[in-house]
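# Build me a model:
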Amino acid sequence: MNLSKPVAVVSSSVLAVSLLGCAEERVVVRPAGVDQPNMVAAQEHLQQARAFLVRAEPNKGGHRVRAIELVDQAMAEVNAGIEFARTH
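Sure thing, here's the model as predicted:
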């Protein structure tokens with residue numbers, strides 16, 4: 001018995017059903033940090049880095065202040081990435 005035709009029909013049917021399911025736009029909302037251990041770890045490390053920079057001596061010619069600003073920007077991007085992943 002040749003199974004290639006029934007397998008092809010079943011495969012095509014599964015693909016069609018899958019594509020129809022994708023046509024619906026659904027937004028899945030997950031709690032922050034779920035299945036994002038690397039993003040959460042990055043967030044924690046950035047918070048630690050910022051704390052060290054804040055405690056550092058301010059005699060760095062403005063570089064310390066700029067580093068704090070950049071860490072703040074990085075933290076905002078990480079948070080935005082986590083939020084994006086929660087809704088997509």
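
# So which residues of the chain form strands?
Applying DSSP state E to the chain gives no strands.

# Counting residues, which helix of it comes out longest?
Ranked by residue count under DSSP state H, the longest helix found in the chain is helix 63-87.

# Next, the buried residues of it.
Ala67, Val71, Ala74, Met75, Val78, Ile82, Ala85, Arg86 (16 or more other Cβ atoms under 10 Å). Quick note: C-beta positions are derived from backbone N, CA and C, even for glycine.

# what's the closest non-adjacent residue to Ala85?
Sequence neighbours aside, Gln36 is the residue nearest to Ala85 in space, at 5.9 Å (criterion: Cβ to Cβ, 6 or more residues apart in numbering).

# Phe84 is in contact with the one you found, correct?
No. If you go by Cβ atoms under 8 Å, Gln36 and Phe84 don't touch, sitting 10.4 Å apart.

# what bits of this structure have low per-residue confidence?
1-34 (pLDDT under 70).

# and of the buried residues of helix 63-87, the nearest to Leu53?
Proximity of the buried residues of helix 63-87 to Leu53, judged by Cβ to Cβ, is greatest for Ala67, which lies at 5.4 Å.

# ok, the closest one touching Leu53?
Yes. Counting by Cβ under 8 Å, Ala67 does reach Leu53; the two are 5.4 Å apart.

# Now do stretch 53-67: distance from first to last residue.
8 Å (Cα to Cα, to the nearest Å).

# roughly how far apart are the residue nearest to Ala85 and Lys60?
When distance is defined by Cβ to Cβ, to the nearest Å, Gln36 is 33 Å away from Lys60.

# Comparing those two, which residue is more hemmed in?
Gln36 (18 against 12; other Cβ atoms under 10 Å).

# For Gly62, see how far away that one is.
According to Cβ to Cβ, Gln36 and Gly62 sit 34 Å apart.

# Kindly report the same for Arg86.
36 Å.

# Same question for Met75.
20 Å.

# now Pro37
According to Cβ to Cβ, Pro37 and Gly62 sit 35 Å apart.

# Ok, Val78 next?
Val78 is 24 Å from Gly62, where distance means Cβ to Cβ.

# And Asp72, by the same measure?
Taking Cβ to Cβ, one finds Asp72 at 15 Å from Gly62.
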